[in-house]
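>>> Pasted the sequence and its predicted model underneath.
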Amino acid sequence: MYRDRVEAGKELAQRLLKYKGEDLVVLAIPRGGVVVAKEVADTLGATMDLIIPRKIGAPSNKELAIGAVVDKDNVILDRDLVARLDVSDDYLKREIETQVDEISRRRLMYMGSSKESDLKDKVAILVDDGLATGSTAKAAIKLVRSRSPKKLVVAIPVGPKNTVQSLEGQADEVICLDSPAGFYAVGQVYEDFEQVTDDEVVVILRSLKRSA
């Protein structure tokens, strides 16, 4: 059990110390992942940037993920679920466009005009506060892979074993601190799992820029 995301980030950073001194970038998945990733970036003395995946919700239930997207070229779909729900191509196209626009809006809000980090031949460490289905992480991995890093590491405090295993074939290394046998939600391993606000994300990112 972690007191909060800060404590989880500090523990995760200790598992990543072997990468200290490498040419690396820590990539946070907002919003909760930003708090965890800051501790990792601080400990490793690394640059931090964002990857912003968005869930693609089902037509009748937006909370049910039928896929995820990080940009128009990197989309992950659960084809079996899409077929079972008879989701139309038109719906998918509209929903992907909507989420891509939202990703652009969020990046501008969080990062301003800052350019995306160059990942070519670097160690890319993708960090979130935890995973459930892994659909957004898979979309993020696809994007990071397209930028030709030397190595791609996924680092999370918690996730179900089946999700972690599904990522092991897509990343070079997956570090997960805790996979509870009775996993039901990411928040179960946190005493404090209050939602992180957009304002908190902006404050964290600005503090990193001042210390850079």
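Arrived safely.
>>> mind listing what residue 163 touches?
Neighbouring residues of residue 163 by CB atoms under 8 Å, 6 or more residues apart in numbering: 131-134. Every C-beta, even on glycine, is put in place using the N, C-alpha and C of the backbone.
>>> Now the element after the lengthiest helix in the chain, going C-ward?
What stands out as the longest helix in the chain, according to DSSP state H, is helix 89-111. Beyond helix 89-111 on the C-terminal side, the first helix or strand identified by DSSP states H and E is strand 123-127.
>>> what are the ranges of the helices in the protein?
Remark: helices assigned in the chain by DSSP H are 5-15, 32-44, 79-84, 89-111, 135-146, 161-168, 198-211.
>>> what's the most buried one of those helices?
For the helices of the chain, average neighbour numbers computed from mean count of other CB atoms under 10 Å are highest in helix 32-44, which has a mean of 24.
>>> export the contacts of residue 163 to a markdown table and tack on pLDDT, distance to residue 201 and neighbour count?
What follows is these, written out as a markdown table (pLDDT from 0 to 100; distance: CB to CB, whole Å; neighbours: other CB atoms under 10 Å):
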| residue | pLDDT | distance to residue 201 | neighbour count |
| --- | --- | --- | --- |
| 131 | 93 | 19 | 27 |
| 132 | 89 | 20 | 16 |
| 133 | 87 | 23 | 16 |
| 134 | 90 | 22 | 25 |
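>>> Could you export those residues as a markdown table, including distance to residue 168?
Converted to a markdown table, the contacts of residue 163 look like this (distance: CB to CB, whole Å):
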| residue | distance to residue 168 |
| --- | --- |
| 131 | 12 |
| 132 | 17 |
| 133 | 15 |
| 134 | 11 |
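>>> any idea which of these is closest to residue 34?
Nearest to residue 34 among those is residue 131, at 15.5 Å by CB to CB.
>>> residues in contact with the residue nearest to that closest one when sequence neighbours are not counted?
Once flanking residues are discounted, residue 131 sits nearest to residue 159: 3.8 Å by CB to CB, 6 or more residues apart in numbering. Applying CB under 8 Å, 6+ apart to residue 159 gives the contacts 130-132, 134, 176, 179, 183, 186.
>>> Next one, pLDDT for residue 159 please.
pLDDT for residue 159: 95.
>>> Then residue 211?
The model reports residue 211 with a pLDDT of 53.
>>> likewise residue 207?
pLDDT, read off for residue 207, is 85.
>>> Next, work out how far apart it and residue 42 are.
10 Å (CB to CB, to the nearest Å).
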